[in-house]
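Peer 1: heads up, no residue letters with this:
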Ligand SMILES: Nc1ncnc2c1ncn2[C@@H]1O[C@H](COP(=O)(O)OP(=O)(O)OP(=O)(O)O)[C@@H](O)[C@H]1O
């Protein structure tokens, strides 16, 4: 695999079972995501975006096909190796922030490091530093419920980026934010998570930030229907 490729998806199909019925939500997807780029995945609700990024990120097994992330074939790994690879290489940012209510902002952002065995004080000190870079350094000792939605989102971003994952996957990171905050979040992602050997994939409906992408992939009904720097004219 070429070193510029962050993700390669080959012939990926996904079926969900409803009793005896099977619903095919991805139809043999072939697509690559390049390192050094901010790639958006857009499309109507139900077109399969969350399913596809979950498969790209090693959290949902495809029914058929293969996914390589920086040259590692995810779904041939043992469960244990897949979890290890994911912890080391991939960061997720979900629309729901999923912060732990009883931990401070800095402690929340430190969770992945602590889970990987870093001593607590070292991890929390690193988290404080990152939250400063994310412009919420003054909020480090607050609990999630004492923070605004945008501040909680930054803590969730900090948690996803704390171990400097090479691949960052975000599902609707700006949906709950006003236009200005949404653009600032995308700028931060670019500054903190993107480099020549790293990649960021963002699922979004948010047409206020379409101009910030390096590449836009559009999905319809479980298939990639557009791949370009700009949105297709009919959107
Ligand atoms: N765990 C599941 N079990 C059964 N069907 C599912 C499951 N997850 C998703 N689906 C179905 O797969 C299809 C694609 O869902 P997906 O969440 O990937 O779409 P999406 O493009 O991300 O939508 P949205 O923009 O609304 O989040 C939908 O028809 C959905 O109902």
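Peer 2: Nice, I can see it. Everything numeric in this text was worked out from a predicted model, so none of it was measured.

Peer 1: the helices in the chain, which residues?
Peer 2: Using DSSP state H, the helices of the chain run over residues 49-56, 79-89, 105-115, 120-133, 149-161, 179-193.

Peer 1: where does the protein come near the ligand, residue by residue?
Peer 2: Counting by Cβ under 6 Å from any ligand atom, the chain comes close to the ligand at 16, 25, 43, 45, 46, 47, 48, 49, 50, 51. Glycine gets a C-beta too; all of them are placed from N, C-alpha and C.

Peer 1: and those residues, which two are the farthest apart?
Peer 2: Of all pairs drawn from the residues of the chain next to the ligand, the widest gap by Cβ to Cβ lies between 16 and 43 and measures 17.6 Å.

Peer 1: higher neighbour count, the two?
Peer 2: For residue 16 versus residue 43, the count of surrounding residues by other Cβ atoms under 10 Å is larger for residue 43: 23 against 11.

Peer 1: skip the chain neighbours and tell me the closest residue to that one.
Peer 2: Of all residues beyond its chain neighbours, the one nearest residue 43 is residue 219 (3.6 Å), with distances taken as Cβ to Cβ, 6 or more residues apart in numbering.

Peer 1: was I right to think the one you found contacts residue 49?
Peer 2: Yes: with contact taken as Cβ atoms under 8 Å, residue 219 and residue 49 are classed as touching, separated by 5.7 Å.

Peer 1: who touches both of the two?
Peer 2: Between them, residue 219 and residue 49 share the neighbouring residues 41, 42, 43, with contact defined by Cβ atoms under 8 Å, 6 or more residues apart in numbering.

Peer 1: worst-scoring helix or strand of the chain, pLDDT-wise?
Peer 2: Least confident helix or strand, the chain: helix 179-193 with a mean of 84, by mean pLDDT, DSSP states H and E.

Peer 1: buried residues, that one. List them.
Peer 2: By neighbour count on 16 or more other Cβ atoms under 10 Å, the buried set for helix 179-193 is 181, 182, 183, 184, 185, 186, 188, 189, 192, 193.

Peer 1: what do you get for stretch 75-94?
Peer 2: Across stretch 75-94, burial judged by 16+ other Cβ under 10 Å covers 82, 85, 86, 89, 90, 91, 92, 93.

Peer 1: I'd say the second one and residue 74 touch.
Peer 2: By that I understand residue 85. Yes: with contacts defined as Cβ under 8 Å, residue 85 counts as touching residue 74 at a distance of 7.1 Å.

Peer 1: low-scoring stretches of the protein, by residue?
Peer 2: 1-3, 233-235 (pLDDT under 70).

Peer 1: repeat that with 80
Peer 2: 1-3, 95-96, 175-178, 181, 231-235 (pLDDT under 80).

Peer 1: so what's the residue nearest to the spatial centre of the chain up against?
Peer 2: Per Cα atoms, centre = their mean, the C-alpha nearest to the average position across the chain is that of residue 169, at 1.3 Å. The neighbours of residue 169, taking Cβ under 8 Å, 6+ apart as the test, are 53, 56, 57, 90, 91, 92, 93, 200, 201.

Peer 1: show me the contacts for the fourth one.
Peer 2: Meaning residue 90. Residue 90 sits next to 57, 58, 69, 165, 166, 167, 168, 169 when contact means Cβ under 8 Å, 6+ apart.
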